[in-house]
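Trainee: generate a structure from the sequence data that follows.
(2 chains)
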Protein chains: 2
Amino acid sequence: MSGSIVVVGMGPGALDQMTPAARAAIETADAIVGYTTYLKLIADLAPGVPRARSGMRQEVQRINKAVALAAAGKRVAVISSGDAGIYGMAGLVHEVVAERNLALDVEVMPGISALNGAAALLGAPLMTDFAVISLSDQLTPRADILQRVEAATKADFILCLYNPKGRKRVEPFALTCAILEQHRAPDTPVGVVRAAYREKQHVEITTVANLRDADVNMVTILIVGNGRTRIIDGKMVTPRGYGEKYELAER
Amino acid sequence: MSGSIVVVGMGPGALDQMTPAARAAIETADAIVGYTTYLKLIADLAPGVPRARSGMRQEVQRINKAVALAAAGKRVAVISSGDAGIYGMAGLVHEVVAERNLALDVEVMPGISALNGAAALLGAPLMTDFAVISLSDQLTPRADILQRVEAATKADFILCLYNPKGRKRVEPFALTCAILEQHRAPDTPVGVVRAAYREKQHVEITTVANLRDADVNMVTILIVGNGRTRIIDGKMVTPRGYGEKYELAER
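Mentor: Next comes the predicted model:
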């Protein structure tokens, strides 16, 4: 009797932004394990399937619970907001299963990540190369983070910044603003997206010069334009290069 | 009478990896515009909606067709494989609409991108910061691409490489291998994914030392691990750092 774990990227939270494959994985599970806030977003889904909730920063306990259920033969769905494979629960599940020396089948079901959602709501900022960086220094040394911000900024990557600012963790954001001010034009567009596809969705476009004053918190995603990014009809767009090689409009 | 355009990220191609929102956008359109190969993947969807097909490298003509239909009052779905917002059609639609001075409503519907799909099939490689780079030098100068590869490699980003190698375009890939050989350990895992969630899906894990000989083409996605990435039970996993801060298994 061997159970299994499917780590499900539930997307931003709106059910119409969750893939049928992810939904099916949740609906056919014997148990659903997840962070309380995310379980609320899928409260109406699979009402008959029991849930194991846990709070923030309880990730390791949560995964141990999921692994114990799977080891007892259950098919367990571990839910992760966005894409479980991008800063999500997928890695920790693999780590814990290996640490406990269990031969459990682990599958990952992709979802619409915060970066997919933020880019869609802003326009088309990610048409050329981009770097994705979490500014949370809880698990990554701050010096490594800032070195990546600087390297990506200098190499003209578009930047997608996760976890930009916590209530008490404001310094990595301030230092990132300083790096951007030094290497990017002041009017470079920066997209600010919170709660994409949820009730309290907030989308605005500011600039590198005004980024320090933007309303930014842990669940905000920032997309910083590169040297080509511009505003077209109120949207943030990075032309990929077609305009230089082709006539855009047929005449 | 003003039409609209919705740029739809159809995901990898399998219908169960397409969000209900994306599917609804296709099913409620007056016309579907897309690259012939991708239209084949959704041949069974919305059979009553007329389609305008066009071949590879016909992107600008295709978008002009879509814009003309929208300007005539139609609700047009432009389909893009993966996420329309990541190297997809979203940017070009905004550019063409602006170039033609039209006030058309343009919306982008996110999808499961190639990087979401590849990461899920490989395990959990994207648990920490990553850089996404296209090795196609058709629209981006080769020197810029290689500068980004080098900067991202040195700053210990995980790398997601799109369009790694064309039939005639092999040099950027060879030069990228050389950069990786210089700055990453030879046994660093590299995930090779083709046709994720499609009939001919191919997933393998090789190493930086063997990457030159990997079977890589235009539709392959490569995910190059960073200094922390390792193989756990046959999967490619980048621990995010929990293992150093917490006991992974409850004892």
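Trainee: give me the phi and psi for residue A:207.
Mentor: Residue A:207 adopts backbone torsions of phi -130, psi 170, taken as degrees, to the nearest 10.
Trainee: list the contacts of it.
Mentor: By Cβ atoms under 8 Å, 6 or more residues apart in numbering or on different chains, the contact set of residue A:207 is A:186-190. Every residue, glycine included, has its C-beta placed from N, CA and C.
Trainee: partners of it in the sheet?
Mentor: Residue A:207 has these beta-bridge partners by DSSP bridges: residue A:189.
Trainee: most centrally placed residue in chain A?
Mentor: Note on chain A: the residue nearest the mean C-alpha position is residue A:114, at 3.8 Å, using Cα atoms, centre = their mean.
Trainee: correct me, but it touches residue A:10?
Mentor: No: Residue A:114 is beyond contact range of residue A:10, at 11.9 Å (criterion: Cβ atoms under 8 Å).
Trainee: stretch A:43-61 spans what distance, first to last residue?
Mentor: Using Cα to Cα, to the nearest Å, one end of stretch A:43-61 lies 22 Å from the other.
Trainee: so for that stretch, what's the average pLDDT?
Mentor: Taken as a whole, stretch A:43-61 carries a mean pLDDT of 87.
Trainee: so where do the helices sit in chain A?
Mentor: In order along the chain, chain A carries the following helices (DSSP state H): A:20-27, A:36-41, A:59-71, A:90-99, A:114-122, A:142-154, A:171-183, A:242-245.
Trainee: out of everything not next to it in sequence, what's closest to residue A:155?
Mentor: residue B:151 (3.8 Å; Cβ to Cβ, 6 or more residues apart in numbering or on different chains).
Trainee: for that neighbour, what are its contacts?
Mentor: For residue B:151, the contact set (Cβ under 8 Å, 6+ apart) comprises A:151-152, A:154-155, A:157.
Trainee: now these in TSV, with distance to residue A:140 and pLDDT?
Mentor: Output for those, formatted as TSV (distance: Cβ to Cβ, whole Å; pLDDT from 0 to 100):
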residue	distance to residue A:140	pLDDT
A:151	14	98
A:152	15	98
A:154	20	97
A:155	20	97
A:157	18	98
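Trainee: ok, of those, which come out buried?
Mentor: With burial judged by 16 or more other Cβ atoms under 10 Å in any protein chain shown, the buried subset of the contacts of residue B:151 is A:151-152, A:154-155, A:157.
Trainee: joint contacts of residue A:114 and residue A:10?
Mentor: In contact with both residue A:114 and residue A:10: A:81-82, using Cβ under 8 Å, 6+ apart.
Trainee: so residue A:154 sits right up against residue A:183, yeah?
Mentor: Yes: here residue A:154 lies in contact with residue A:183, judged by Cβ under 8 Å, at a distance of 5.8 Å.
Trainee: quick check on the closest residue to residue A:86 other than its chain neighbours: phi, psi?
Mentor: Excluding its sequence neighbours, the residue lying closest to residue A:86 (Cβ to Cβ, 6+ apart) is residue A:113, at 4.6 Å. The phi/psi pair for residue A:113 (degrees, to the nearest 10) reads phi -80, psi 170.
Trainee: mind listing what the closest residue to residue A:18 other than its chain neighbours touches?
Mentor: Among residues not flanking residue A:18 along the chain, residue A:11 sits closest, at 4.5 Å (Cβ to Cβ, 6+ apart). The neighbours of residue A:11, taking Cβ under 8 Å, 6+ apart as the test, are A:17-19, A:22, A:81-83, A:111-112, A:117, A:197, B:19.
Trainee: ok, residue A:61 to chain B distance?
Mentor: To chain B, residue A:61 is 7 Å away according to Cβ to the nearest Cβ, to the nearest Å.
Trainee: ugh, typo on my part, it should be residue A:187
Mentor: Relative to chain B, residue A:187 is positioned 18 Å away (Cβ to the nearest Cβ).
Trainee: residue A:178 too?
Mentor: 18 Å.
Trainee: surely residue A:65 touches residue A:52?
Mentor: Yes: the pair residue A:65 and residue A:52 passes the contact test of Cβ under 8 Å, sitting 5.3 Å apart.
Trainee: who has more neighbours, those two?
Mentor: Set side by side, residue A:65 and residue A:52 show more neighbours around residue A:65, with 19 against 16, by other Cβ atoms under 10 Å in any protein chain shown.
Trainee: what's the neighbour count on residue A:100?
Mentor: 16.
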